[in-house]
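[1] Take a look and give me a structure for this.
(one chain, ligands or ions: 1)
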Amino acid sequence: MPKDNYPPIPLRLSNDPAASLHILTCGYGLGFLVETRAGLYLIDCGTPGHEKVVFEKMRELGRNDLRLIWITHAHYDHYGSAARLRELTIAKIGAHPLDADDMIHARSRLGSPRSYGGIYFALQPLVAFGRRLEPTPPDFTLEDGETLERFGLEATILHTPGHTPGHTSVVLGGGTAFAGDLLGGFPKPALQSLLATEWDALPASLEHLKAAKPERVFTGHRHKPVSGEELQAISW
Ligand SMILES: [Zn+2]
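    Predicted structure coming up:
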């Protein structure tokens, strides 16, 4: 099966039981496209130059109403295509205020590495050489506990810092969550262990996500979600 041809995943939002999720491979990152009757919503959008993947999916769905792009954190592989997508759609870009400045200045701060996380310091400039980040000022910012309901999406933003200062997770009404790079690990899910701007903040962020009791969690770089049970078993 081609990697971008996974079947849509049912989401069971209480205000739209027919909503579904499409996972898009956008360069070195993933875009999580939530399809509802009220509009399309994108959580993260991959590296620069991969907006075409989102447009192809929108064409396939026969939709042009991308209303929102929520950025979990200001890293190259999570907001890279956002500026271009905003130019070509009606979408607004949202993020936590503590990562907004990096997005405004087209930065992708990696913090301090552990284990083999140092490799990203060498890789990021190479990957970014031909496809630079564009300044991407958010249209709006949200703090912990605020929702996306004014855009028609039943979703709560959780501030889960550590990987970056303004890193967030998104919890949808039906129990599906998106944790950006708070979680990693392969094959067993684990707390982020490679890159952080504030390592000491990660355990509390994990507990914050656990307390929301999601049924499943999609992480930033894998198509397969972490189950609620697996999440509760992650230690720090
Ligand atoms: Zn990241």
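[2] From here on, just use CA atoms for contacts and neighbour counts.
    OK.
[3] what separates the residue nearest the centre of the chain from Glu154, distance-wise?
    For the chain, the residue sitting closest to the mean C-alpha position, by CA atoms, centre = their mean, is Asp44 at 3.8 Å. For Asp44, the distance to Glu154 (CA to CA, to the nearest Å) stands at 17 Å.
[4] Quick check: which ranges of the chain have low pLDDT?
    Low-confidence segments of the chain, defined by pLDDT under 70: 1-5.
[5] And the helices in it?
    Counting by DSSP state H, the segments of the chain that form helices are 51-61, 76-79, 82-88, 97-104, 119-128, 202-211, 228-233.
[6] As TSV, these with distance to Val171 and mean neighbour count would be great.
    Output for these, formatted as TSV (distance: least, CA to CA, whole Å; neighbours: other CA atoms under 10 Å):
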stretch	distance to Val171	mean neighbour count
helix 51-61	22	15
helix 76-79	17	28
helix 82-88	21	19
helix 97-104	18	20
helix 119-128	28	13
helix 202-211	9	18
helix 228-233	12	16
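[7] Glu143 is nearest to which of those?
    Distance to Glu143, taken as CA to CA, is lowest for helix 97-104 among these, at 7.2 Å.
[8] what's that closest one packed up against?
    Counting contacts by 3 or more CA pairs under 8 Å, 6 or more residues apart in numbering; DSSP states H and E, helix 97-104 is packed against no other helix or strand.
[9] right, and the helices of the chain - which one's nearest Leu11?
    Per CA to CA, nearest to Leu11 of the helices of the chain: helix 228-233, 14.9 Å.
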